[in-house]
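# next one to model:
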Amino acid sequence: MSLTLERGALPGTAEARRTTAPHGTAEAHGTETPHGTAEARPTDAPHGTEELRELRRFAFEQGAGKAFVAPGPQIDPSIGTTSGQLPAAVRPDAGRPLALGTSRLLRRTPFPAGLGPADGPAAGEDTLDHLLVTAFGLQRREPSNSFNDHRVVPSVRSKFPVRPYLLQDGATRYLDVQRHALLDVEGTPAADGEHGTTVVLAGRHTDLPPQYALLRGPLVDLEIGHNLRSLYLAAQLFGVRAELELPTPDPEGLAERIGIRPAEGWAYPVAVRLDGATPRWRPGTDRPAPTGDPALDRVLRIDRMTRPSGAPAPAGEVTGTGPYPVEGNGLSWAEVLWNRTAGRTPEGVGGFSGVRAPQPYAAVADSLALACAPPPSPLLAAVAGHVRLTLCAQDVEGLPDGIHRVEDNRLTGHLARPGVHAALDSQFGYPLSGGNDCPVRHATFVWTFTADLRALFAEFGPSAWKLLQYACGWSAQGLVLGAAAYGMYARPARAFDEVRIARTLELDRDQTAVFQVVCGTGRFREPMLDLRS
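Numbering: from 1, shown residues only. Just a heads-up that it's a prediction; the model follows:
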């Protein structure tokens, strides 16, 4: 089977939908889609035609065109990954343990209060330790779950490819949540004149199963967005000012400072300064080298191509969270973070299970408020301004079932569409089968992130792709917290049929679905092992 992508057609736009529709859909049999054809935008040219063409094809091959290029990932658990392995430069025998008692502090902090120094938990000299544990620490282990352990952020198959490092007064340390410790990193360049603490988030594509191939790129970037949001939430809970340095000055130098190399499968590192820290690192000298995995080599090439460039925009005192117009429901922050789940099934069954259950209007209002908190960077906020959110809701008190658009941080444009959840269920990447459960038809909320990719590339160039993933992950973590506050699972997903979703949601012709979060009431529960400190 040969595949051609028309010159000038942006993956996921109407041109691509007409020429690349999957077999079995109306488009595959020549029926016109309702979206029309997106107009060409001449402003693409200044950002480099060849780079944009390669990036568009990459976006197409792991997005709307993935069914043509490669089958869905059939994961062989016998094939190892680097997940759970310490990076080479980290010393497991040198470092210090983190303070205990974080969960106790969070139990005394009602949701959604504690968002600042006036009403946050008093942590004293151990503030940094409690902040790190809140943002990245372990929550629980589920005995019959195939994918353990569980943290505040969701992760693909619990692989957690985003690794936190700390730059502290000239030293480099690695946060090992399994050891509940900060470990020393050896052989990294010294940094004179540095003070304070900077958290560096480094994603590693090789932590994900190789069968994910090109999808490892956006999945790691999405998880960086989730982890950024979790870090900022923890900083605000403990009254610590956080500043995202984006674009990252000399990312190669920062990678060397924390002891990682591109050839080992690492992504663009992101730095967040805490309480006015002044991080330092030398110019980088390492250059990419082939990894032996053609798909990974391509992911790393796209990672380099899409790195934001230029001087970091001043972030001022932005914290990137709240104050939220959130009602809350009597839970503590410890309970909300514990409730975070992407859904469960009984042992031996894949996917996730759910049942229909009513929710108060506060559940959607609080979720929306948390999702719409602006990202902590002018550049990232500008990209987030191009992202649209569409909600399919059912069984919510005071909210009609159907499709709702989000505009200006509020629900609008209701469309009564009976059966829309069933339609989305059939378009999910892992449908109901003998060995897999799929509860999308029973979900209370299905949030879909869409964007005009052509406009994003025209305005921000190749870096739009990476920044889009960060922005979606940031907002999705807000939905994760909103669902947890009302006892619901929240399943982030990149596994869906972009072409059919555009029809089902009646998206504007220039909009492409790029991310989804499914929220609902779980049907399967079991006793769990509490791993909180």
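
# what number of residues lie near the residue nearest to Leu432 when sequence neighbours are not counted?
The spatial neighbour of Leu432 that comes closest, neighbours along the chain excluded (C-beta to C-beta, 6 or more residues apart in numbering), is Cys438 at 4.4 Å. C-betas here are computed from N, CA, C, even on glycine. Cys438 has 23 neighbours, counted by other C-beta atoms under 10 Å.

# could you do the one 5 residues further on as well?
Neighbours of Ala443 under the rule other C-beta under 10 Å: 30.

# wait, isn't it in contact with Phe352?
No. Ala443 is beyond contact range of Phe352, at 9.9 Å (criterion: C-beta atoms under 8 Å).

# so how far is Arg96 from the residue nearest to Leu432?
Noted for Cys438: a distance of 45 Å to Arg96, by C-beta to C-beta, to the nearest Å.

# lowest-confidence helix or strand of this protein?
One helix or strand of the chain scores below all others by mean pLDDT, DSSP states H and E: helix 14-19, with a mean of 35.

# in the stretch 301-450 of the chain, where is pLDDT below threshold?
310-327 (pLDDT under 70).

# for it, what spans make up the helices?
Assigned by DSSP state H, counting those that start in this stretch, the stretch 301-450 of the chain shows helices spanning 333-339, 361-371, 378-384, 420-426.

# how many residues are close by Pro439?
The number of residues packed near Pro439 is 25, by other C-beta under 10 Å.

# once you drop chain neighbours, what's closest to it?
Pro439's closest residue in space is Gly354 (C-beta to C-beta, 6+ apart), at 3.1 Å.

# next up, the contacts around that neighbour.
Taking C-beta atoms under 8 Å, 6 or more residues apart in numbering as the criterion, Gly354 is in contact with Gly343, Pro439, His442, Ala443, Tyr489, Gly520, Thr521, Gly522, Arg523.

# can you count the residues close to the nearest residue to Val420 once chain neighbours are set aside?
Beyond its immediate neighbours in the sequence, the residue positioned closest to Val420 (C-beta to C-beta, 6+ apart) is Cys392, lying 5.2 Å away. For Cys392, the count of nearby residues is 24 (other C-beta under 10 Å).

# list the beta-bridge partners for Cys392.
Applying DSSP bridges to Cys392 gives these bridge partners: Ile403, Val446.

# shouldn't it be in contact with Arg405?
No. Here Cys392 lies out of contact with Arg405, judged by C-beta under 8 Å, at a distance of 10.9 Å.

# for Arg173, grab phi and psi.
Torsion angles at Arg173 (phi, psi; degrees, to the nearest 10) stand at phi -130, psi 160.

# helix or strand right after the least confident helix or strand of the chain?
helix 49-61 (DSSP states H and E).

# who does that next one touch, helix- and strand-wise?
Helix 49-61 sits against helix 294-305, helix 453-460, helix 463-485, with contacts defined as 3 or more C-beta pairs under 8 Å, 6 or more residues apart in numbering; DSSP states H and E.

# out of the ones you listed, which gets nearest to Arg500?
Closest to Arg500 of the helices and strands packed on helix 49-61 is helix 453-460 (C-beta to C-beta; 17.9 Å).

# now do the contacts for the closest residue to Arg107 other than its chain neighbours.
Here the nearest residue to Arg107 in space, its sequence neighbours aside, is Ala334; by C-beta to C-beta, 6+ apart that works out to 4.3 Å. Ala334 is in contact with Ser103, Leu106, Arg107, Thr109, Arg532, counting by C-beta under 8 Å, 6+ apart.

# apply 7 Å and report the result again.
Ser103, Leu106, Arg107 (C-beta atoms under 7 Å, 6 or more residues apart in numbering).

# and those residues, which of them are in helices?
Among the contacts of Ala334, the members falling in helices are Ser103, Leu106, Arg107 (criterion: DSSP state H).

# filter those residues down to the buried ones and hand me the ChimeraX line.
Taking 16 or more other C-beta atoms under 10 Å as the burial criterion, the selection of buried members of the ones in helices among the contacts of Ala334 in ChimeraX is written as:
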select :103,106
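
# distance of Gly429 relative to Glu252?
With C-beta to C-beta as the criterion, Gly429 and Glu252 are 35 Å apart.

# neighbour-wise, which of these two wins?
In this comparison of Gly429 against Glu252, neighbours counted by other C-beta under 10 Å, the higher total goes to Glu252 at 22 against 15.

# torsion angles phi and psi at that one?
According to degrees, to the nearest 10, the main-chain angles of Glu252 amount to phi -60, psi -40.

# ok, now how distant is Leu237 from Leu100?
As for Leu237, its distance to Leu100 is 17 Å (criterion: C-beta to C-beta).

# scratch that, Asn227
With the distance defined as C-beta to C-beta, Asn227 ends up 23 Å from Leu100.

# more neighbours, the two?
A side-by-side neighbour count of Asn227 and Leu100, using other C-beta under 10 Å, places Asn227 first with 30 against 14.

# next, the nearest residue to the more buried one once chain neighbours are set aside: phi, psi?
If the residues on either side of it in the chain are set aside, Asn227 comes closest to Val162, at 4.7 Å by C-beta to C-beta, 6+ apart. Its backbone dihedrals place Val162 at phi -90, psi 120, with angles given as degrees, to the nearest 10.

# same question for the one 10 residues further on.
Here is the backbone geometry of Thr172 (degrees, to the nearest 10): phi -120, psi 130.

# ranges for the strands of the stretch 251-400 of the chain?
Counting by DSSP state E, counting those that start in this stretch, the stretch 251-400 of the chain has these strands, from start to end: 270-278, 350-351, 354-355, 387-393.

# buried residues in the last one?
By neighbour count on 16+ other C-beta under 10 Å, the buried set for strand 387-393 is Val387, Arg388, Leu389, Thr390, Leu391, Cys392, Ala393.

# distance of the residue nearest to Pro110 when sequence neighbours are not counted relative to Gly473?
Computed as C-beta to C-beta, 6+ apart, the closest residue to Pro110 that is not its neighbour in sequence is Ser332, at 5.7 Å. Distance of Ser332 to Gly473, computed by C-beta to C-beta: 25 Å.
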